[in-house]
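Peer 1: generate a structure from the sequence data that follows.
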Amino acid sequence: MSFSVAAPVAAAEAVVLDAARLTAAGIELAPVQAAGAASLAHLPARVVVPSAQQRFVAAPVAGLVAAVLVGSGETVRAGQPLARIASPELLALRRDLTQAGAEQERARLALQRDQQLHAEGLIPAARLEATRAAAAQAGAALAERRALLGLSGGASEGGGELTIVAPIAGVVLAQPAQPGMRVEAAAPLFHIARLDPLALEVDLPPALAAQLKPGLRVRVPAGGAEGRVVAVGRAVSGAQTVTVRALLDRGLGALGPGQNVEVEIERGGDAAAGAAPVWAVPASALVRLGEDGGGSAVFVRRGDAFVPVPVSVLGEQGGNAVLRGELHADERVAVRGASLLKAAAMGIGKGE
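Peer 2: Okay, here's the model as predicted:
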């Protein structure tokens, strides 16, 4: 079958095709729809916990996990015991603290004695200064031992067993700790998070993300969770996407960290005054034109001709391509047979 062509349009030509040949070629049409009025829908997103609402609980000292008191998925309150660790290192820290306390007391008494003797003229000032320096050193050593024990999470009195407590109220997301496990200092024991509010991360093409701004409403249709956009990323990933972050604070019952969902993000109309309108057409309408195939276009039915109109693709929305271009709401585009039109427009097989 042959096609007739009209004047060139951006390195491709409009294809003239009457109704009879349109039917014979099996070309199907679909209307151009406005996509910018309400929201961007069917956007893939993942549910995450805001960083400020998470705590990783680690072993403060090396030892043996003697008991685990909570499990993954349980809700805990701040200060609630999570596990007990038996640690010879803790015993050594407490012994060192006791010894440092005794040394500090001896130095304090020696300073009191030498102050009295110096006042009576029985010892020189140099000896008093040496005693005072020794007392200060003993006090510093005691403070150091007390701080080390505090960092280990242990009290100044007790045996070699340490109780690990929850730093915040929340849900135990992970529990690497198991009874009988030997752990080193700083080994992870629990991951606890507060799950209200939750956050969403949505990866979008830069052109689509540029239309969004903090404060726009976000909704998860499956479950009804709602929230607001809080940040639009500036860094572009290796996949050429930008991360948009949202905070959900209503209807969170059906959501959990790590879950993949589809979301809708409202668009406050076209972002800036005078911005070009945004259109939605079936993704099958898109073709690649140009000498290197690097430009996107759609074939628009105008009279008896199909005109290749260059477009800028912004993203996808429910199986449709969201794009900008010189289109109108009352026009129709080729959604089937577009490859035939492309071949004719580029002069491939002309005259056959």
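Peer 1: for the spatially most central residue of the chain, what are phi and psi?
Peer 2: By C-alpha atoms, centre = their mean, the chain has its centre lying nearest to Glu201, at 5.1 Å. When read as degrees, to the nearest 10, the backbone of Glu201 gives phi -120, psi 120.
Peer 1: distance of it from Val263?
Peer 2: Distance of Glu201 to Val263, given as C-beta to C-beta, to the nearest Å: 10 Å. Yep, even glycine has a C-beta here, placed from its N, CA and C like the rest.
Peer 1: thinking again about what came up before, what confidence value was assigned to the residue nearest to the centre of the chain?
Peer 2: The model reports Glu201 with a pLDDT of 96.
Peer 1: tell me the contacts of it?
Peer 2: By C-beta atoms under 8 Å, 6 or more residues apart in numbering, Glu201 lies in contact with Ala45, Arg46, Val48, Thr243, Val244, Arg245.
Peer 1: tell me how many other residues crowd the fifth one.
Peer 2: The number of residues packed around Val244, counting by other C-beta atoms under 10 Å, is 26.
Peer 1: count the neighbours of the closest residue to it other than its chain neighbours for me.
Peer 2: Closest residue to Val244 apart from its sequence neighbours, by C-beta to C-beta, 6 or more residues apart in numbering: Val202 at 4.5 Å. Neighbourhood size, Val202 [other C-beta under 10 Å]: 26.
Peer 1: tell me which element Val202 falls in.
Peer 2: For Val202, the host element (DSSP states H and E) is strand 198-204.
Peer 1: pull the distance from that strand to the chain's centre.
Peer 2: With C-alpha atoms, centre = their mean, to the nearest Å as the basis, strand 198-204 stands 6 Å off its chain's centre.
Peer 1: CA-only coordinates of it in CSV, if you can.
Peer 2: Only the C-alpha atoms of strand 198-204 are listed here, as CSV (Å, rounded to 0.1, in the frame of the first residue of the first chain):
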residue,chain,number,x,y,z
LEU,A,198,5.1,7.4,57.4
ALA,A,199,7.0,8.7,54.4
LEU,A,200,6.7,8.0,50.7
GLU,A,201,9.5,8.1,48.1
VAL,A,202,8.4,8.6,44.5
ASP,A,203,10.9,8.4,41.7
LEU,A,204,9.8,10.6,38.7
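Peer 1: give the buried residues for that strand.
Peer 2: Neighbour-count burial for strand 198-204, counted by 16 or more other C-beta atoms under 10 Å, picks out Leu198, Ala199, Leu200, Val202, Asp203, Leu204.
Peer 1: so where do the helices sit in the stretch 201-350 of the chain?
Peer 2: Ranges of helices in the stretch 201-350 of the chain, per DSSP state H, counting those that start in this stretch, are 206-209, 338-345.
Peer 1: so can I have TSV of those showing distance to Gln99 and mean pLDDT?
Peer 2: Listed next are the helices of the stretch 201-350 of the chain as TSV, based on distance: least, C-beta to C-beta, whole Å; pLDDT from 0 to 100:
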stretch	distance to Gln99	mean pLDDT
helix 206-209	62	82
helix 338-345	85	80
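Peer 1: correct me if wrong: Gly224 contacts Gly253.
Peer 2: No - using C-beta atoms under 8 Å, Gly224 is not in contact with Gly253; the gap is 9.1 Å.
Peer 1: higher neighbour count, those two?
Peer 2: Gly224 (12 against 8).
Peer 1: show the backbone phi and psi for the closest residue to the more buried one other than its chain neighbours.
Peer 2: In space, and not counting its chain neighbours, Gly224 is closest to Gly251: 4.3 Å by C-beta to C-beta, 6+ apart. The phi/psi pair for Gly251 (degrees, to the nearest 10) reads phi 70, psi 40.
Peer 1: on that earlier part again, ok, the residue nearest to Val244 touching Thr243?
Peer 2: Yes - with contact defined as C-beta under 8 Å, Val202 and Thr243 form a contacting pair (7.1 Å).
Peer 1: one step back: what sits against the residue nearest to Val244?
Peer 2: Val202 sits next to Leu43, Pro44, Ala45, Thr243, Val244, Arg245, Ala246, Val263, Ile265 when contact means C-beta under 8 Å, 6+ apart.
Peer 1: contacts only, for the third one.
Peer 2: Taking C-beta under 8 Å, 6+ apart as the criterion, Ala45 is in contact with Leu200, Glu201, Val202, Val220, Ala246, Asn260, Val261, Glu262, Val263.
Peer 1: pull the most distant pair out of the residues you listed.
Peer 2: The span of these, defined through C-beta to C-beta, is set by Ala246 and Asn260 at 14.6 Å.
Peer 1: sec struct for Arg145, please.
Peer 2: Here Arg145 is helix, with the state taken from DSSP: H, G, I helix; E, B strand; the rest coil.
Peer 1: oops, could you answer that again for Ala102 instead?
Peer 2: Secondary structure for Ala102, judged by three-state DSSP, is helix.
Peer 1: what bits of the stretch 201-350 of the chain have low per-residue confidence?
Peer 2: Residue ranges of the stretch 201-350 of the chain with pLDDT under 70: 268-276, 290-294, 317-318, 347-350.
Peer 1: please apply the same query to the stretch 51-200 of the chain.
Peer 2: Of all residues in the stretch 51-200 of the chain, those with pLDDT under 70 make up the ranges 148-159.
Peer 1: strands along that one, start to end?
Peer 2: In the stretch 51-200 of the chain, the segments counted as strands under DSSP state E, counting those that start in this stretch are 54-58, 63-68, 75-76, 81-86, 161-165, 170-174, 182-183, 188-193, 198-204.
Peer 1: circling back to that earlier point, for the buried residues of strand 198-204, which one is nearest Thr23?
Peer 2: Closest to Thr23, out of all of these and judged by C-beta to C-beta, is Leu204, at 39.1 Å.
Peer 1: fine by me, we can end here.
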